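Asker: model the structure of this input:
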Amino acid sequence: MNSMNLLLECKVPAGQMAFHPLGGTATSFGELMDCAKRAQKTLLDLGFKQGDAVLLADSLSAEFYAVVMAALGLGGKVILVEPFLPVSEIQNIIALVSPRVFVSSLMGRLWGGRVKAIRQIPHWRSSRGLCRESGAEKELVVVPVAPDDAAILTFTSGTSSGRSKGVVRSHRGLIAQNHAIRNAGDLHRFNGPDLAIFANLTLANLGMGRGTVFIPPGWKTDHLREVRDLPQGIAPETLSCGPAFLDRFITGGFATRSLKSVHVGGALTECALFERAFRALPDARFLHVYGSSEVEPVSFVDARESVRKSKDRGFAHALLAGKVVNGLRGRLDEKTLWVSGEHVCGEYLGNPEENLKSKMRDEQGVLWHAMGDRMVETVEGLWYQGRSFQQTSDFGLEQSIYGVLGHTNAFLFREPGGDLVLSGENLRTRISEIRAGFPAVDRIQEKKIIRDRRHRARIDREASR
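Answerer: Model prediction:
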């Protein structure tokens, strides 16, 4: 087994578009495959062998994905590290995985140069430099690996201990995830490109034989305008994004009628935002996706159904998450949804404390992952009820307050003494109304809401207190 076999089995025409960064040049599947073969030749010349690791800190490009394909095909591992982790934590990560090659842009080299452990990696290259080698093999090398061998390791912040979480995606997991996205999301119906803002979806699309129009992180107006002008064959047929991008895309009038299906996930999405999107793209299918970095996807649901039923219950957000996809099992306890299955990432690397919180093995030795979300299950599927650390009553109160405010730039939290505080933006004009309607709220404070760095949608509750 090797997850790169997915690419070989697709048998996509060499001239079909594989990757097109807005503001850049399109790359065909044939060109991408040639680039990956040249990268493999260079890696082999550097002594790279099965089990070795590449630390990848380059900008997203066709060459970036070619390096991923090259390393995984050779049975290696690709390591991704959030650049804003503390230097001491990056030191620990590098010591843990011992990369043989550091692949980076100029900015990546400046970042890596301040970390002693990265400076000691034997070989430094750029993605483009790795792909310049000539005399590559005629076919992409894909060596057999054990199904549970690590393929991609992503080190992210966010733990209460301050230590990073090493999210491990195995070859078995990548293949299972690909099948879940393709089948549970019914994406096998679409052959045209996907307009994506999440870098990991590009690799999933390649494994389905689909191209990706990739939006650079800045979401610049010029790039978004370009979406409307893309020629047939490159114009996106689907959109995969979070609510913050959907808002920017719809509000700016960038929506293109070439879109037949829109998939929104990564954070809670307001019913009102979905309704604006429905009006902008009346003929498109909308899917609400629930998942996490460790398990993607967990469930899909028709967004129109989720909005309708959520509004009927008085919720400001689309909270119906649907039913767990085939290939996953779910179980509920009073605080969280646990899931198990082949595309659930394994135990965290280098963080035993987080494993104790979020991972569990049952009596048969099957690994389960805690989503960290409270859920209830009805015949309609799973309903989101807030994060595990929230009291269910507080979450319901939040939803009711949003209805009064007319926006969701606020949240509730409890102080150590138990007092319930409403913190957020544009509250002053509603203070008397809130106090009269919600006597459980002990204090109201006006404060800027800070969103998470990745999705720009989820409220960072610690930073926003």
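
Asker: next, count neighbours for E137.
Answerer: Using other CB atoms under 10 Å, E137 has 11 other residues around it. C-beta: built from backbone N, CA, C; applies to glycine.

Asker: the lengthiest helix in the chain - contacts with which helices or strands?
Answerer: If you go by DSSP state H, the chain has its longest helix at helix 29-45. The helices and strands touching helix 29-45, judged by 3 or more CB pairs under 8 Å, 6 or more residues apart in numbering; DSSP states H and E, are strand 17-21, helix 62-73, helix 127-130.

Asker: the second one - contacts with which helices or strands?
Answerer: When contacts are defined as 3+ CB pairs under 8 Å, 6+ apart, helix 62-73 sits against strand 17-21, helix 29-45, strand 53-57, strand 77-81, helix 127-130, strand 150-156, helix 199-207.

Asker: figure out how far that helix is from the centre of its chain.
Answerer: A distance of 19 Å separates the centroid of the chain from that of helix 62-73, by CA atoms, centre = their mean, to the nearest Å.

Asker: and for the last one?
Answerer: With CA atoms, centre = their mean as the basis, helix 127-130 stands 25 Å off its chain's centre.

Asker: give the rounded mean pLDDT of that helix.
Answerer: Helix 127-130 comes out with an average pLDDT of 92.

Asker: do a quick rundown of the helices in the stretch 251-400 of the chain.
Answerer: 271-280, 303-312, 352-358, 392-405 (DSSP state H, counting those that start in this stretch).

Asker: in stretch 82-90, what counts as buried?
Answerer: By 16 or more other CB atoms under 10 Å, the buried positions in stretch 82-90 come out as E82, L85, E89, I90.

Asker: what's the answer for stretch 17-25, then?
Answerer: M17, A18, F19, H20, P21, L22.

Asker: which residue is the nearest non-sequential neighbour of the first one?
Answerer: Of all residues beyond its chain neighbours, the one nearest M17 is G211 (4.2 Å), with distances taken as CB to CB, 6 or more residues apart in numbering.

Asker: what's the span of stretch 317-336, first residue to last?
Answerer: 19 Å (CA to CA, to the nearest Å).

Asker: do the same with stretch 453-465
Answerer: Counting by CA to CA, the terminal residues of stretch 453-465 are separated by 17 Å.

Asker: residue numbering should commence at 49 henceforth.
Answerer: Sure, I'll start counting at 49 from here, so that last one is stretch 501-513.

Asker: buried set for it?
Answerer: So for stretch 501-513, counting by 16+ other CB under 10 Å, buried means R502, H503, R504, A505, R506, I507, R509, S512.

Asker: what is the nearest of these to G472?
Answerer: S512 (7.8 Å; CB to CB).

Asker: quick check: the closest one touching F459?
Answerer: Yes. Counting by CB atoms under 8 Å, S512 touches F459, with 6.9 Å between them.

Asker: what do the two both touch?
Answerer: Listed as contacting both S512 and F459 by CB atoms under 8 Å, 6 or more residues apart in numbering are S471, G472, I497.

Asker: alpha carbons of stretch 97-109, as PDB, please.
Answerer: Listed in PDB are the C-alpha atoms of stretch 97-109, where the atom choice follows Å, rounded to 0.1, in the frame of the first residue of the first chain:
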ATOM      1  CA  LYS A  97      15.400   6.500   1.500                       C
ATOM      2  CA  GLN A  98      12.300   4.900   2.700                       C
ATOM      3  CA  GLY A  99      11.400   6.100   6.200                       C
ATOM      4  CA  ASP A 100      13.300   9.400   5.800                       C
ATOM      5  CA  ALA A 101      11.500  12.700   6.400                       C
ATOM      6  CA  VAL A 102      11.300  16.000   4.500                       C
ATOM      7  CA  LEU A 103      10.500  19.200   6.400                       C
ATOM      8  CA  LEU A 104       8.400  21.300   4.000                       C
ATOM      9  CA  ALA A 105       8.200  25.000   4.600                       C
ATOM     10  CA  ASP A 106       7.900  26.300   1.000                       C
ATOM     11  CA  SER A 107       5.100  28.400  -0.500                       C
ATOM     12  CA  LEU A 108       2.200  26.600  -2.200                       C
ATOM     13  CA  SER A 109       2.900  25.800  -5.800                       C
END
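
Asker: and for R361, the neighbour number?
Answerer: 11.

Asker: show me where the stretch 149-298 of the chain dips below the pLDDT cut-off.
Answerer: Scanning the stretch 149-298 of the chain for pLDDT under 70 picks out 206-210.

Asker: one more time with 50, if that's ok
Answerer: By pLDDT under 50, the low-scoring segments of the stretch 149-298 of the chain are 207-209.

Asker: mind listing the strands for it?
Answerer: Under the criterion DSSP state E, counting those that start in this stretch, strands of the stretch 149-298 of the chain are mapped to 149-152, 171-173, 198-204, 213-218, 242-244, 260-262, 286-289.

Asker: now tabulate these in CSV and tack on distance to L430 and mean neighbour count.
Answerer: Below are these laid out as CSV (distance: least, CB to CB, whole Å; neighbours: other CB atoms under 10 Å):
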stretch, distance to L430, mean neighbour count
strand 149-152, 39, 24
strand 171-173, 45, 18
strand 198-204, 24, 22
strand 213-218, 22, 22
strand 242-244, 25, 25
strand 260-262, 29, 26
strand 286-289, 21, 26
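
Asker: save these as TSV, and put in distance to D360 too.
Answerer: Shown next, in TSV, are the strands of the stretch 149-298 of the chain (distance: least, CB to CB, whole Å):
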stretch	distance to D360
strand 149-152	51
strand 171-173	56
strand 198-204	36
strand 213-218	36
strand 242-244	31
strand 260-262	36
strand 286-289	26
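
Asker: quick one: closest of those strands to Q225.
Answerer: So among the strands of the stretch 149-298 of the chain, strand 213-218 is nearest, using CB to CB, at 7.7 Å.

Asker: what angle sits between the closest one and helix 247-255?
Answerer: 0 degrees (axes from the mean of the first three to the mean of the last three CA atoms, to 10 degrees).

Asker: so which bits of the host helix or strand of R483 are buried?
Answerer: Assigned by DSSP states H and E, R483 falls within helix 479-485. Using 16+ other CB under 10 Å as the burial criterion, the residues of helix 479-485 that qualify are I482.

Asker: hmm, who's touching it?
Answerer: Counting by CB under 8 Å, 6+ apart, S448, I449, V452, L470, L475, V489, I492 sit against helix 479-485.

Asker: go again with 7 Å.
Answerer: With contacts defined as CB atoms under 7 Å, 6 or more residues apart in numbering, helix 479-485 is touched by I449, V452, L470, V489, I492.

Asker: cool, and stretch 310-326?
Answerer: Against stretch 310-326 from outside (CB under 7 Å, 6+ apart): 233, 286-291, 294-295, 298, 329, 332, 334-339, 351-352, 355, 358-359, 364-366, 456, 503, 505-506.

Asker: do the same with stretch 375-393
Answerer: With contact meaning CB under 7 Å, 6+ apart, stretch 375-393 is reached by 215-217, 220-221, 224-225, 228, 342-343, 346, 372, 408, 414-423, 425, 430, 436.
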